[in-house]
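J.: Prediction below, plus the sequence it came from.
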Amino acid sequence: MASKTRVKKLSAELYIGRAIALLLLALLICRAVAAYASSVRDGARLYVSVLDVGQSDAILLRTGDAAMLIDTGTSACEEDLRAALLYYKIDRLDYVVLTHPHEDHIGNTRLVLQMAEVSQLVLPVADVDDPVYTLILSEAEQMGISTVAAETGQRFLFGDAAVEVLLAALPEDDNVNNSSTVLRVTYGTQVLLFMGDAEAELEHTLLEMYAPEYLDCDFLKVGHHGSDTATSAAFMAVATPTVAAISAGKYNSYGFPHKAVLENLAAVGANVFCTADHGTLTFATDGQELRLVPANKGG
Ligand SMILES: [Zn+2]
């Protein structure tokens, strides 16, 4: 009898031990989730400015005293980019990401390197003999700027925001647009996708590589200036952006943004903004929701 009681007591102790262990584990998980949700400091914001640089791309991200630029726009809009960097008082950039070696994305890199102290220049995966690109590389080297080639899966922190390179690969064909570095930025619960000039082929690759929920976003920098070679219905059905921003020149000769793109975005309920209509577009998020900042309120 005595030993039976002891076994009972032991198993009761084991049971209690297990219950405590499970409780501790649950507490740890809750804390991890809470920590993730509150990783954005109180009152902090991430600002995304899709700069008005005509028919080209330059997107400025700012949070706290950290800043990052995705592409540098065409040299035809050098003065617009200069004015924007002065307006936002940018004299230091933690990262400058060049998505792909087309002039409308890398044209003002020299100006950026001259105007701001750049900690890291993230280069596109490129195997091209482009003279503009080659010049940028040699200038960056001369200026002693640290460069790194984009790589799929690369992650870096930028203030309270986390940046991941979803894709950086040479295209299967000779379409340089499809070598675009695609970025996924998370800030609190907000997910922002920056597509460069990625076209439908690359969107298809993304759909094959990632779970649908990983591509589900709140904000989309629409690929290839609103060309119908990008922003496929299949990709939109998964990305389902709440807000979509298009960088396209006013009265551009390509007719961007194309009707099919606007339809694909409308079909998933996205609010679409285009620099051709609004000029520079600034969005702010506190990590919970994202909204457009009016131009007269610092946008
Ligand atoms: Zn472009």
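T.: Structure received. Numbering: from 1, shown residues only.
J.: which residues does Leu193 contact?
T.: 166, 182-185, 215, 217, 219-221, 239, 241 (C-beta atoms under 8 Å, 6 or more residues apart in numbering). Yep, even glycine has a C-beta here, placed from its N, CA and C like the rest.
J.: What about Thr72? Give its phi and psi, please.
T.: In terms of degrees, to the nearest 10, the main-chain angles of Thr72 are phi -120, psi 0.
J.: ok, it touching Glu103?
T.: No: taking C-beta atoms under 8 Å as the definition, Thr72 is not a contact partner of Glu103, at 10.1 Å.
J.: The ion contacts on the stretch 101-250 of the chain?
T.: 104, 197 (C-beta under 5 Å from the ion).
J.: repeat that for 8 Å
T.: 102, 104-105, 177, 196-197, 224-225 (C-beta under 8 Å from the ion).
J.: Ranking by neighbours, what's the top pick from those?
T.: Note: the member of these with the most neighbours is Gly196, at 30 neighbours, neighbours being other C-beta atoms under 10 Å.
J.: Secondary structure of that one: a helix, I assume?
T.: No: secondary structure of Gly196 (DSSP: H, G, I helix; E, B strand; the rest coil): coil, not part of a helix.
J.: For Lys221, grab the count of nearby residues.
T.: The number of residues packed near Lys221 is 27, by other C-beta under 10 Å.
J.: From the ion, how far off is it?
T.: 12 Å (C-beta to the ion, to the nearest Å).
J.: what do you get for Thr275?
T.: Distance, Thr275 to the ion, by C-beta to the ion: 13 Å.
J.: That residue touches Ser56, doesn't it?
T.: No: counting by C-beta under 8 Å, Thr275 stays clear of Ser56, with 9.8 Å between them.
J.: Tell me which of those two has more neighbours.
T.: Counted by other C-beta under 10 Å, Thr275 and Ser56 do not tie: Ser56 has more neighbours, with 28 against 23.
J.: about what we covered before: nearest to the ion among the contacts of Leu193?
T.: Among those, Lys221 lies closest to the ion (C-beta to the ion), at 11.5 Å.
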